[in-house]
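J.: Sequence plus predicted model, see below.
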Amino acid sequence: MNDNEMKTVKKEFMWVDGRRVELNGERNVLEVVRQAGVDLPTFCYHSELSVYGACRMCVVEDERGQILASCQTPPKDGLKVKTSTPKLQKHRKMILELLLSSHCRDCTTCPKNGKCLLQELAIRFSITGIRFNGESFKRHDLPIDNSSFSIVRNPNKCILCGDCVRMCAEVQNVGAIDFKGRGSGMMVSTAFGDPIIATDCVHCGQCAAVCPTGAITVKCDCPAVWKDLYDGDKQVIAQVAPAVRVAFGEEFGLVSGENVMGKIVAGLRMLGFDRVYDTSLGADLTVMEESAEFLERLRSKENLPLFTSCCPAWICFMEKRYPELKDLVSSCKSPMQMLGAVIKEHAKRHDVGDSKTIINVAIMPCTAKKFEAVREEFYRDGIADIDHVITTQELVKMFREAGIVFADLEPEAPDMPFGIHSGAGVIFGVTGGVSEAVIRRVAEDKSMEAILDIAYTGIRGLEGAKEAEVTVGDEKLKIAVVNGLKNIDEIIKKILAGEVHYDFIEAMACPGGCVGGGGQPFGLKPVKKSRSDGLYRADKLSQIRQSEENPLLAGLYKGVLRGRAKELLHVHY
Amino acid sequence: MVEGKDRATLDHILTSCNGDKRALIAIMQKIQHEYRYLPRQALEYVAKKLGVSPAKIYSVATFYENFSLRPKGRYIVRVCDGTACHVRKSASILKTIREGLGLDKDKTTTDDMLFTVETVSCLGACGLSPVISINEQIFAEMTPEKALACLNKIREKEAGNYGKKREKIHL
Ligand code: SF4
Ligand code: SF4
Ligand code: FES
Ligand code: FES
């Protein structure tokens, strides 16, 4: 047989509940079953992580009545499985009851209430009573780890699915948490049981994003925000990050990727925020500063490649793992911190707050921003530039608490003088966006065609690591766009080994960039894709595509930033 | 951070296993053999060298009963509580030893770092039950009194050797 004949590939099929399903390279029977429209329950399967096969919720029955864990079974031509039989039902209920027998059941006061998978499956399988007395295994007094600014770990609620462990090790290459002990004494722990803040944890929040229960949750800072909103002596200002606007609507039944910035602004005003600004303007400032820095480094041929600096989890990773790379990282503050500093300075000069204390609240897709905001580098004269950071999901909670009917909100525009942004600023929220924005700035050809061309150099898309080459003057610049700390780690290793060379590296810790941040509503790759499409659409709809054309910038550079750009926009870690 | 002699020791252990992270358990066994427990700094050092997260090493260290993260005494007394020994009243031996040394379930090492008392499930010498082992040496057909006598003998020897460094004892 030669190669040509080989091409007629025989189609392969499986039978799911008597229906024929064509196999299309699915990795396991679970994927085939889901393809066939049956939503098998799982605790320990996560399509973007390795297969663990511990929870046994995903069981199916084969022709001989054998029970298989579908997540661990490779699809096979001709395999016939059933997904719902008396045996399987009994089995799943049993697992749930066993899990619940040693799990606390105070759902109404759990931070994960309404979003917990254990709760959801208990409802789905109509668990009305628990036959086992798990009292002796019940964990209720393991200490809660509150040490982090970003996440809270409550091991009492852990069901040992291991999703967090694999996320932290496989996707982020951090490995801050792992299993400890064995048998009934097993739990997820940091090395030596240290508080998480004392480990290599980079605050990305990806563990909390995948945890099905309330065992790892994002630290909630809503109470502090409410308090300031109700305080008459405070002028409370919100800034909204790019990635928030394309995910927020999901929580209210809209499709992912729909840009609901206008509604968010309206809702924030209802909550009592005095001003609402757009972090994309901070991103425009970042583009200006970072491009200048990049061109300067290219001229002096020093400290290349330039690593971007907007992602605080990446900064944290660099500090802990590769402190020797410090000088390569851009000295630019992140857009949030730039805008935070500018807002406070502006307020001081113009006394917009009628002498009230200015409180900066940043609404972010990110849990690491909570940690960034409290870094000492971002305190000036003992006052933080950003007072509170809340995530997309926390803002959703505040909207709900306030009784805001999202569907009825009429879109409103953000406030001046920080309410206009360029398209370049808004695509910061997706991996590749920062690079694209910077290239637009440094490219000499600013025609619309040239801008469109940049989009096709290969920097768009959600792959973990991409490369692009652009010509500036007579130089060919090599750019790497990397997301997910594991991919970043790998590229750094190659650079240090001298195997590859780049001039500019965009590094984002979360898979997909900020659209997939730890503070966003949970979503897999297709959801992140829709969100990033949403941001690119927002870019297309902007009258201003390049940061330097943002009319607000000139005023800022002539005003608050005059002679103070270094102090307000740059940082030395 | 580990320095000097400890560093040399650990580097030696690492090279003897080709610095291969798949040999993690063997490396940890060697460290434990050297220090009689797994010192935290040593684990952190090899974690870095092997490119394994400290949390992973901690996970392995807490999974196996044989590994200890707490310093152990110079004499490790293992009282067998396997089935054969149990039915021949190993429990009373354990009780007597613990009381004699002022130890309990949680406090397993004497303050002078001389003895550590542990239980094991079967030392593989059921025909001689009940048995205890002291630093790998097996003592057959024990009674609470005989066991205490063994320990006292070690105490006396060690008192006589006070100040002198002796790695191995012969009973
Ligand atoms: S926040 Fe990120 S780095 Fe920290 S434990 Fe969770 S996944 Fe790991
Ligand atoms: S903390 Fe959450 S994700 Fe991690 S093992 Fe426990 S239940 Fe699973
Ligand atoms: S999802 Fe298959 S065993 Fe957990
Ligand atoms: S039970 Fe003690 S040696 Fe076997």
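T.: Alright, I've got the coordinates. Ligands and ions are numbered 1, 2, ... in the order given.
J.: Let me see the mean pLDDT of the longest helix seen in chain B.
T.: The residue-count maximum for a helix in chain B (DSSP state H) belongs to helix B:144-160. Regarding helix B:144-160, the rounded mean pLDDT is 87.
J.: Likewise for stretch A:184-196?
T.: Here the average pLDDT along stretch A:184-196 is 92.
J.: Just the endpoints, please. Distance across that stretch?
T.: 23 Å (C-alpha to C-alpha, to the nearest Å).
J.: now stretch A:499-512
T.: 25 Å.
J.: in it, what counts as buried?
T.: Residues of stretch A:499-512 classed as buried by neighbour count (16 or more other C-beta atoms under 10 Å in any protein chain shown): A:Tyr502, A:Asp503, A:Phe504, A:Ile505, A:Glu506, A:Ala507, A:Met508, A:Ala509, A:Cys510, A:Pro511, A:Gly512. From N, CA and C alone the C-beta is placed, and that goes for glycine too.
J.: likewise stretch A:304-317?
T.: For stretch A:304-317, by 16+ other C-beta under 10 Å, it's A:304-317.
J.: Give me the distance between the top helix by length along chain A and the centre of its chain.
T.: The residue-count maximum for a helix in chain A (DSSP H) belongs to helix A:279-300. Centre-to-centre, helix A:279-300 and its host chain are 24 Å apart (C-alpha atoms, centre = their mean, to the nearest Å).
J.: Name the next helix or strand downstream of it, please.
T.: Next along the chain after helix A:279-300, taking DSSP states H and E as the criterion, comes strand A:306-307.
J.: and that following strand, how far from the chain's centre?
T.: On C-alpha atoms, centre = their mean, the centre of strand A:306-307 falls 21 Å from that of its chain.
J.: Summarise which helices and strands that strand is packed against.
T.: Judged by 3 or more C-beta pairs under 8 Å, 6 or more residues apart in numbering or on different chains; DSSP states H and E, strand A:306-307 is in contact with helix A:279-300, strand A:504-508.
J.: How is chain B partitioned into domains?
T.: Using automatic domain parsing, the domain parsing of chain B gives B:4-63, B:75-162.
J.: any residue of the shortest one up close to ligand 2?
T.: No - residues of domain B:4-63 are not located near ligand 2 by C-beta under 6 Å from any ligand atom, the shortest gap being 12.4 Å.
J.: Equivalent analysis for stretch A:53-69, please.
T.: No - Stretch A:53-69 stays clear of ligand 2 (C-beta under 6 Å from any ligand atom), getting no nearer than 9.3 Å.
J.: can you give me how far that stretch is from the chain middle?
T.: 33 Å.
J.: where's the dip in pLDDT among the buried residues of stretch A:304-317?
T.: Scoring the buried residues of stretch A:304-317 by pLDDT puts A:Leu304 last, at 84.
J.: Could you pull up the residues touching that residue?
T.: Going by C-beta atoms under 8 Å, 6 or more residues apart in numbering or on different chains, A:Leu304 touches A:Arg297, A:Leu298, A:Leu328, A:Asp503.
J.: tell me which of these is nearest to chain B?
T.: Using C-beta to the nearest C-beta, A:Leu328 comes nearest to chain B of those, at 21.8 Å.
J.: shouldn't that closest one be in contact with A:Ser309?
T.: No - in terms of C-beta atoms under 8 Å, A:Leu328 does not count as a neighbour of A:Ser309; the distance is 10.1 Å.
J.: Closest residue of chain B to ligand 4?
T.: B:Gly82 (2.3 Å; C-beta to the nearest ligand atom).
J.: Now do the nearest residue to that residue once chain neighbours are set aside against chain A, distance only.
T.: What sits nearest to B:Gly82 in space, not counting adjacent residues and going by C-beta to C-beta, 6 or more residues apart in numbering or on different chains, is B:Cys122, at 3.1 Å. From B:Cys122 across to chain A, the span is 18 Å (C-beta to the nearest C-beta, to the nearest Å).
J.: What about the closest residue to B:Pro144 other than its chain neighbours, how many residues nearby?
T.: Distances taken as C-beta to C-beta, 6+ apart place B:Thr96 nearest to B:Pro144, at 3.6 Å, with adjacent residues excluded. Number of residues near B:Thr96 (other C-beta atoms under 10 Å in any protein chain shown) recorded here: 18.
J.: Same question for B:Val87.
T.: Neighbours of B:Val87 (other C-beta under 10 Å): 10.
J.: What does the pLDDT read for it?
T.: In this model, B:Val87 carries a pLDDT of 93.
J.: quick one: least confident of the contacts of A:Leu304?
T.: Lowest confidence among these: A:Leu298, with 82.
J.: mind listing what it touches?
T.: A:Leu298 neighbours (C-beta under 8 Å, 6+ apart): A:Leu304, A:Val472, A:Glu475, A:Leu477, A:Asp503.
J.: Can you add distance to A:Asp178 and give those residues back as CSV?
T.: Shown next, in CSV, are the contacts of A:Leu298 (distance: C-beta to C-beta, whole Å):
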residue, distance to A:Asp178
A:Leu304, 37
A:Val472, 45
A:Glu475, 46
A:Leu477, 40
A:Asp503, 37
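J.: Identify the bridge partners of the nearest residue to B:Lys146 once chain neighbours are set aside.
T.: Once flanking residues are discounted, B:Lys146 sits nearest to B:Phe139: 7.5 Å by C-beta to C-beta, 6+ apart. Beta-bridge pairing of B:Phe139 under DSSP bridges involves B:Ile132.
J.: burial count for whichever residue of chain B sits closest to chain A?
T.: At 2.7 Å from chain A, B:Ser53 is the closest residue in chain B, using C-beta to the nearest C-beta. B:Ser53: 23 surrounding residues under other C-beta under 10 Å.
J.: Not counting its neighbours along the chain, what's nearest it?
T.: A:Gly175 (2.7 Å).
J.: quick check, that neighbour in a strand?
T.: No - membership of A:Gly175 in a strand is not supported by DSSP: H, G, I helix; E, B strand; the rest coil, which gives coil.
J.: okay, now it: neighbour count?
T.: As a burial measure, A:Gly175 scores 23 neighbours (other C-beta under 10 Å).
J.: returning to that earlier point: which secondary structure elements does the longest helix of chain B contact?
T.: Helix B:144-160 packs on strand B:75-80, helix B:90-101, strand B:132-134, strand B:137-139, going by 3+ C-beta pairs under 8 Å, 6+ apart.
J.: so who does the spatially most central residue of chain B touch?
T.: Nearest to the geometric centre of chain B sits B:Ile76, at 5.0 Å (C-alpha atoms, centre = their mean). Shown in contact with B:Ile76 (C-beta under 8 Å, 6+ apart): B:Arg36, B:Phe115, B:Thr116, B:Glu118, B:Ser133, B:Ile134, B:Asn135.
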